[in-house]
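In: sequence and predicted structure, then a few things I'm wondering about:
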Amino acid sequence: MNSITKQLFRFPLLIWLALLPLISFETHSSRPVTIIFKHKMGDRELQLFNETYTNPFGEPIIITRFKYYISHLSIAGSDQKETALSDKTFLIDESDPHSKTLVFTTPVTAPQSLSFVIGVDSVLNISGVQTGSLDPLNGMFWTWNSGYIFARLEGKSDSSHAPAHLVNWDAGGFRPPYNASRKIKLDLLNTTSPVITIEADLVKWFNATHAIHIAQSPLCHQPGRLAMQLADNYSTMFSVAP
Amino acid sequence: MKAIITISGLLFALFLGIAWIEGGKTPTPLSFVVPRNWPKPKYDLTSNPLTREGFLLGRKLFFDPRLSIDSTISCGSCHQQFAAFSTFEHNLSHGVNSSLTTRNAPALQNLAWQSDFMWDGGIAHLDLQPLMPFTAPNEMGETVAGVIHKLQQDADYPKMFRAAFGSPLINTQRLTKALSQYMLMLVSSNSKYDQVMRGEATFQLAEQLGYDIFKQKCSSCHKEPFFTDLSYRNTGLPVDETLNDYGRMTITGNPKDSLKFKVPSLRNVMLTFPYGHDGRFFSLLNVFDHYRRDMAVASTTDSLLQHKLPLSNYEIGQLTAFLQTLTDSSFLKNSMLAPDDNVPLPPSMHLHGT
């Protein structure tokens, strides 16, 4: 082995060794936090396709699709100062079990509250094509009035007068005055557990700030007033499970 | 422990080696020339650095009909170079399965200076633009996943993506960035008007008289040097009851935006007929007659047009002479922008105006 080849092997080795303590230092200073999303309709666990639920207005619905974007996830300790858990945007999808568990690390030792935005930052709506969870390929994107669909609840209902009795509620929009992103802040019950379970109750989509009947509004396919009302409603669907 | 360190060291050396080999094939930068006295582009070129390989990939994609569901329609089907990348002589552009769109495909030129696209400005970035025609059932009728799948199966595309972006990965972002690289190069800045402005040519009398009338009566909306101020205006076009296209209002949800459409550029206007968002005017004379006689003035009609736009026959004659000077044949015939071009692309494409 000539000396140049020896150098070539020794150099990366040195970097490797130099980086090792840094890696262990990084993991030592923060603790893991796991956030689990669970979806329910009233007191029943959400099941896509197989169950018929009844909303607060007595309208039946079979839910076929349920997904939404979560961004700006942060956690605060007793000083109320919000520390970001991630700068990423996550697509929580009922049909994809992996998407419903998020794992982070945080330097906050005794978290008192968790906050996040249901929606996609307006900058990411106007900065070209994104990758990963924000790839328009994921079907959470309007191409003709470009921008992300923030939350999507779809199903079938005999109360719907839309073609094929469909219920398609696609809410989103970033342009004022119809910016449908909503910030959510939840107080944590158990400040020591490394696992936070968040329940989302789909009943709120129909009746919270606004009463939204399937018979009157089975379809939402664009930013606007109905999308804003749906966002007002679903922003109240989250609670921390005991 | 020693073995692990040795193995990781070996892997690292291997990685360096691969990086070195790959590094030998970095794409060739392509310079984007801003014509003299033009503003800074709105497109962030640092987010998508132009390269020869990216441009060539974008050009191939632009003219590839396989991007549509039945391999019949490419971007270039409705955006034809000889018509300044609009649809020549068609009022409403066509889609797959003999479908019709509801609009006249606009000319594609000087897109680097725009931040919103379509007649209603609904699309907020050039990279996002292709997603709409790909997926619209009355345009190319495909899905983004379908387009990517076809490209992955092709013999050439993975190589071209590798040449442009460093690896054969094909995703939505790379696909649209490549298309943008081609579209950004569609710069029209060498018409007779431009040559006159640069002091390289002089207007004939009718052209000069037309230019003076233009500056007085047209240029507040058709602003130089793009011959559009890129605003949305209601020019008194009554709604077509079969299309029910209310333009900008569809995007904003604001009734004040009813029947507002983007002011089109007048560059290469002699080639972009028919005119109007739905191609309802087949000739320039139809457009002039609309402004001086046929406009339906209502509350949301543009404030500059509340009394229509009086134009004499004489003025129309001179204006027409001036508008002819906006034809840029070096753009319309640039072989580097054409499909299946065998002319080797120089490292820096020559654009006029420096």
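Out: It's in.

In: from here on, just use CA atoms for contacts and neighbour counts.
Out: Will do.

In: residue in chain A nearest to chain B?
Out: Chain B sits closest to A:N145 of chain A, with a gap of 4.4 Å, by Cα to the nearest Cα.

In: who touches that residue in this structure?
Out: A:222, B:122-123, B:251 (Cα atoms under 8 Å, 6 or more residues apart in numbering or on different chains).

In: repeat that with 10 Å
Out: Residues in contact with A:N145, defined by Cα atoms under 10 Å, 6 or more residues apart in numbering or on different chains, are A:173, A:222-223, B:117-118, B:120-124, B:132, B:250-252.

In: mind listing which of the residues you listed are in strands?
Out: Among the contacts of A:N145, no member is found in strands (DSSP state E).

In: span of stretch B:301-317 from start to end?
Out: Separation of the first and last residues of stretch B:301-317 by Cα to Cα, to the nearest Å is 26 Å.

In: next, the buried residues of that stretch.
Out: Across stretch B:301-317, burial judged by 16 or more other Cα atoms under 10 Å in any protein chain shown covers B:301-302, B:305-306, B:308-309, B:311, B:315-317.

In: residue closest to the middle of the chain?
Out: All of this is about chain A. A:I70 (2.7 Å; Cα atoms, centre = their mean).

In: to clarify, I was referring to chain B.
Out: Compute the mean C-alpha point of chain B, and by Cα atoms, centre = their mean the closest residue is B:L108, 2.7 Å away.

In: can you check the pLDDT for the residue of the stretch 151-300 of chain B found nearest chain A?
Out: Proximity to chain A, evaluated over the stretch 151-300 of chain B using Cα to the nearest Cα, is greatest for B:Q173 at 5.1 Å. At B:Q173 the predicted local confidence, pLDDT, stands at 98.

In: leaving out chain neighbours, which residue sits closest to residue 49?
Out: With no chain named, the answer covers chain A. Residue nearest to A:F49 in three dimensions, not counting chain neighbours: A:T64, with 5.1 Å by Cα to Cα, 6 or more residues apart in numbering or on different chains.

In: should've been chain B
Out: Using Cα to Cα, 6+ apart and skipping the chain neighbours, the partner closest in space to B:P49 is B:P29 (7.5 Å).

In: just checking, that neighbour touches B:L45?
Out: No. Here B:P29 lies out of contact with B:L45, judged by Cα atoms under 10 Å, at a distance of 11.7 Å.

In: if we can go back for a sec, please narrow the buried residues of stretch B:301-317 to those residing in helices.
Out: Mapping the buried residues of stretch B:301-317 onto helices (DSSP state H) picks out B:315-317.

In: buried residues in the helix or strand hosting B:Y211?
Out: Applying DSSP states H and E as the criterion places B:Y211 in helix B:205-217. For helix B:205-217, the buried set under the neighbour-count rule, 16+ other Cα under 10 Å, comprises B:206-211, B:213-214.

In: could you do stretch B:289-303 as well?
Out: With the criterion 16+ other Cα under 10 Å, stretch B:289-303 contains buried residues B:289-291, B:295-297, B:300-302.

In: can you get me a residue count around the residue nearest to B:K333 when sequence neighbours are not counted?
Out: Distances taken as Cα to Cα, 6+ apart put B:F82 closest to B:K333, at 6.9 Å, once the chain neighbours are dropped. Other residues lying near B:F82 total 18 when counted by other Cα atoms under 10 Å in any protein chain shown.
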